[in-house]
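Q: Structure for the following, please:
(chains A, B, C and D)
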4 protein chains.
Amino acid sequence: MDPIGKRRWAIAEGYIPPSSPDASYELKSHEAACILNAGDRLAQIKITIFFTDREPAGPYLLTVPPRRTCHLRFDELDNPEPIPVNTPYSSVIESTVPVVVQHTRLDSRQAALALLTTIAYAD
Amino acid sequence: MDPIGKRRWAIAEGYIPPSSPDASYELKSHEAACILNAGDRLAQIKITIFFTDREPAGPYLLTVPPRRTCHLRFDELDNPEPIPVNTPYSSVIESTVPVVVQHTRLDSRQAALALLTTIAYAD
Amino acid sequence: MDPIGKRRWAIAEGYIPPSSPDASYELKSHEAACILNAGDRLAQIKITIFFTDREPAGPYLLTVPPRRTCHLRFDELDNPEPIPVNTPYSSVIESTVPVVVQHTRLDSRQAALALLTTIAYAD
Amino acid sequence: MDPIGKRRWAIAEGYIPPSSPDASYELKSHEAACILNAGDRLAQIKITIFFTDREPAGPYLLTVPPRRTCHLRFDELDNPEPIPVNTPYSSVIESTVPVVVQHTRLDSRQAALALLTTIAYAD
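A: Numbering: from 1, shown residues only, chains lettered A, B, ... in the order given. Got it, this is the predicted structure:
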C-alpha cells in the first residue's frame, strides 16, 4: 500500500495516571501512542519527551515493521529513562517514513474508566 | 451539495473491547467509523485492517449512497474475516469520492460507559 | 481580531442519546457543535443533517455575532424539523465567514457521565 | 530541535465544570490547554477568551521556555479577570514562535471522572 501519513508528529498533552494496582493489563491506567506504518518500508521511530521544568528526555528508539501498527504505551518506555507518573509531559515522534500517530489514554483511577483520543498534530 | 472531505483516511487506534453481554445494542461496547458522503455520487469504500504481528486483513468493501452517512461498526465486519476482539489494530479507509471519516468508541466494560472520538487522519 | 478558521466544516459522527429525565440542563445528555466566530463580521450559518436512510434535513439557519461563540445543541434544533434521538446522523456546517467548529457530546445515560470531543473536519 | 507547530490556535469548546470540593488537585474538574514549545526560542503566548453574550476577555499573557511544555489550567487564569465557571467559552491562543496546542478536560462532577481531548485548530 502507498504510505500514508507524515514523518513528524507532536502530542502536547501527556500524563500517566498513578497506578491502578488491581486492574488487569488492559484496564490499567495507561497513555499510548498508536503508530500505523501502512507502507512497505521499515519505520525507524525516535521519541523525545518534553517536561515543564527540566530538559527533554530521550531519544527513545523503536521500529515499526512495514504494514504493521504499534500501540506504544508510554509507561513501558524505560531506555534511556522511565517517564515519571503523575507528571505532565509532551512528546514529539519522528519517523524515517510516513506514519500516522493517534494519542489515547485510559484512566481507571476511579470506579469507571475514562477514555480520550485524538489524532496527533503533524507538521 | 458539493462533496466535502478526502479519499484516503487512517485511524491508528483500534480496539474492540471484549463483549458486554447484558448491554443493549446501543450500549454494547463497540468501535465505529462514521463515514459521511455529502456529495451526489455513490462512494465505494475499501477498508484495510493492520495488526501488530501479522499481515493486514481485507479488503472489506462497502458502499455509502449519495447524501448519506454510514456508522460502521468494526465488530460487524466479517468478510473476508471478523476482526478479533481485545486486539490492537489500525485501519485505512479508501473511497472513490471525497468522504469525511470520524472514529468513535463506546466502552461499557465497567459500570459506566466511556467514550472517545476523533476526526481521522486524511492525507 | 483577524478571523480564524474555515467556511465549511463536517462532523461525521452524530447521535443524540435518549433523554435523561432527572438530569439538570448541564448534565442532560446532549450533542453540541461549538462555533467560534473570532472575527469582526457576523457569521451566517447553514447546517445540513445527513442520515443513513433518508434525504438530508435542513437547512437549519442561525447567526453568530462578531467576537462571539455559540455552543449549539443539536437537540434544540427544530426548524425545519427536530433531529430524532437515538439515530445516527452527520452534519455539514457552512458559514459566510471563517469560523472554528468543535464537536462535543455529553452522555449521561448511565450513572457517570461520558464525554467526547474533536475539532471538526474543515476542507 | 526544529520548532514544530503553528503560531495561531483556536479551541471552540470551553467549559469549566462547577467545583468538585472533595477532589484532589489532579482529580478536581478542570479544563486545560497543553502548549508544547519544542523549539529553541522562548514562546510569548497571548490568550483571548470569547463568550456567548459579551465582548472577549484578555489578553492573558504567559511564556513557555524553549524545550518545555505548559499544561495551562483555564481555571487558574486570573489576570485581567478569572473565567467564570459553568459558562460556555472559546479561546484563541497566539504565540511568537511555533507551538502545538491540545485541549483537555477532566470532569469529576459525578462519581466517575470523564475525559475529553483534541488537538486544537491551527490556521
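Q: what residues does chain A put near chain D?
A: A:8, A:10-15, A:48, A:50-53, A:55-56, A:86, A:88-90, A:92, A:103, A:105, A:107, A:109-121, A:123 (C-beta under 8 Å from any C-beta of the partner chain). Every residue, glycine included, has its C-beta placed from N, CA and C.
Q: And the most centrally placed residue in chain A, what's its pLDDT?
A: Centroid-nearest residue in chain A: residue A:33, 2.8 Å away (criterion: C-alpha atoms, centre = their mean). If you check residue A:33, the pLDDT there is 95.
Q: what bridges to it?
A: Judged by DSSP bridges, the bridge partners of residue A:33 are residue A:72, residue A:103.
Q: So residue A:8 sits against residue A:101, correct?
A: No: Residue A:8 is not in contact with residue A:101 according to C-beta atoms under 8 Å; the separation is 9.6 Å.
Q: Any chance you could list residues touching both of those two?
A: Both residue A:8 and residue A:101 are in contact with A:93, A:122, where contact means C-beta atoms under 8 Å, 6 or more residues apart in numbering or on different chains.
Q: More neighbours: which of those two?
A: Counted by other C-beta atoms under 10 Å in any protein chain shown, residue A:8 and residue A:101 do not tie: residue A:101 has more neighbours, with 28 against 18.
Q: what helix or strand is the more buried one on?
A: Following DSSP states H and E, one finds residue A:101 within strand A:89-107.
Q: Return the list of helices and strands in contact with the next helix-or-strand element following that strand.
A: The helix or strand immediately downstream of strand A:89-107 is strand A:114-119, counting by DSSP H and E. Contacts defined by 3 or more C-beta pairs under 8 Å, 6 or more residues apart in numbering or on different chains; DSSP states H and E place strand A:114-119 against strand A:89-107, strand B:89-107, strand B:114-119, strand D:114-119.
Q: Kindly recompute the last result at 6 Å.
A: In terms of contacts (3 or more C-beta pairs under 6 Å, 6 or more residues apart in numbering or on different chains; DSSP states H and E), strand A:114-119 is packed against strand A:89-107, strand B:114-119, strand D:114-119.
Q: Check what contacts it and list those residues.
A: Residues outside strand A:114-119 that contact it (C-beta atoms under 6 Å, 6 or more residues apart in numbering or on different chains): A:102-107, B:13, B:114, B:116, B:118, B:121, D:113-119.
Q: who does the residue lying closest to residue A:14 once chain neighbours are set aside bridge with?
A: Spatial nearest neighbour of residue A:14, excluding adjacent residues (C-beta to C-beta, 6 or more residues apart in numbering or on different chains): residue A:89 at 4.0 Å. Counting by DSSP bridges, residue A:89 is bridged to residue A:51.
Q: Can you get me a residue count around residue A:89?
A: As a burial measure, residue A:89 scores 24 neighbours (other C-beta under 10 Å).
Q: Let me see the contact set for it.
A: Residue A:89 makes contact with A:14, A:49, A:51, according to C-beta under 6 Å, 6+ apart.
Q: list the contacts for the second one?
A: It stands for residue A:49. Residue A:49 makes contact with A:57, A:58, A:83, A:89, A:91, according to C-beta under 6 Å, 6+ apart.
Q: Surely residue A:75 is within a helix?
A: Yes: checked against DSSP: H, G, I helix; E, B strand; the rest coil, residue A:75 lies within a helix.
Q: what's the distance between it and chain B?
A: 16 Å (C-beta to the nearest C-beta, to the nearest Å).
Q: Tell me, how many residues neighbour that residue?
A: Neighbours of residue A:75 under the rule other C-beta under 10 Å: 16.
Q: my guess is it meets residue A:16, correct?
A: Yes: using C-beta atoms under 6 Å, residue A:75 is in contact with residue A:16, at 5.1 Å.
Q: what kind of secondary structure is the closest residue to residue A:26 other than its chain neighbours in?
A: Spatial nearest neighbour of residue A:26, chain neighbours left out: residue B:86 (6.9 Å); criterion: C-beta to C-beta, 6+ apart. Look at residue B:86: counting by three-state DSSP, its state is coil.
Q: thought residue B:86 was touching residue B:18?
A: Yes: using C-beta under 6 Å, residue B:86 is in contact with residue B:18, at 5.2 Å.
Q: Just tell me which of the helices and strands packed on strand A:114-119 ends up closest to residue C:66.
A: Minimum separation from residue C:66 across those (C-beta to C-beta) falls at strand D:114-119, 24.8 Å.
Q: where does chain A have low pLDDT?
A: Scanning chain A for pLDDT under 70 picks out A:19-23, A:111.
Q: so who does the residue in it that chain C sits nearest to touch?
A: Closest to chain C within chain A is residue A:112: 5.0 Å, counting by C-beta to the nearest C-beta. By C-beta under 6 Å, 6+ apart, the contact list for residue A:112 reads B:110, B:111, B:112, C:112, D:112.
Q: who's in contact with the first one?
A: Which is residue B:110. Each residue near residue B:110 by C-beta under 6 Å, 6+ apart is listed here: A:112, A:113.
Q: Distance of it relative to residue A:115?
A: 11 Å (C-beta to C-beta, to the nearest Å).
Q: same thing with residue A:91?
A: Distance from residue A:91 to residue A:115, counting by C-beta to C-beta: 19 Å.
Q: cool, residue A:4 as well?
A: Taken as C-beta to C-beta, the span from residue A:4 to residue A:115 is 24 Å.
Q: More neighbours: which of those two?
A: Neighbour count, other C-beta under 10 Å: between residue A:4 and residue A:115, residue A:115 has more, with 24 against 20.
Q: do you know how far the more buried one is from residue C:63?
A: Plainly put, residue A:115 is 35 Å away from residue C:63 if you go by C-beta to C-beta.
Q: what does residue A:59 give?
A: For residue A:59, the distance to residue C:63 equals 50 Å [C-beta to C-beta].
Q: Repeat that for residue A:36.
A: Residue A:36 sits 41 Å away from residue C:63, going by C-beta to C-beta.
Q: residues near residue A:73, how many?
A: Residue A:73 is flanked by 15 other residues according to other C-beta under 10 Å.
Q: show me the contacts for it.
A: Applying C-beta under 6 Å, 6+ apart to residue A:73 gives the contacts A:30, A:32.
Q: Try it again at 10 Å.
A: A:16, A:25, A:28, A:30, A:31, A:32, A:33, A:104, A:106 (C-beta atoms under 10 Å, 6 or more residues apart in numbering or on different chains).
Q: which two from those end up farthest apart in space?
A: Going by C-beta to C-beta, the pair spanning the contacts of residue A:73 furthest: A:25 and A:33, at 17.4 Å.
Q: and the gap between residue A:110 and residue D:64?
A: For residue A:110 relative to residue D:64 (C-beta to C-beta), the value is 31 Å.
Q: Check residue A:120 too.
A: Per C-beta to C-beta, residue A:120 is found 19 Å from residue D:64.
Q: Over to residue A:68?
A: Residue A:68 is 35 Å from residue D:64, where distance means C-beta to C-beta.
Q: Lovely, talk soon.
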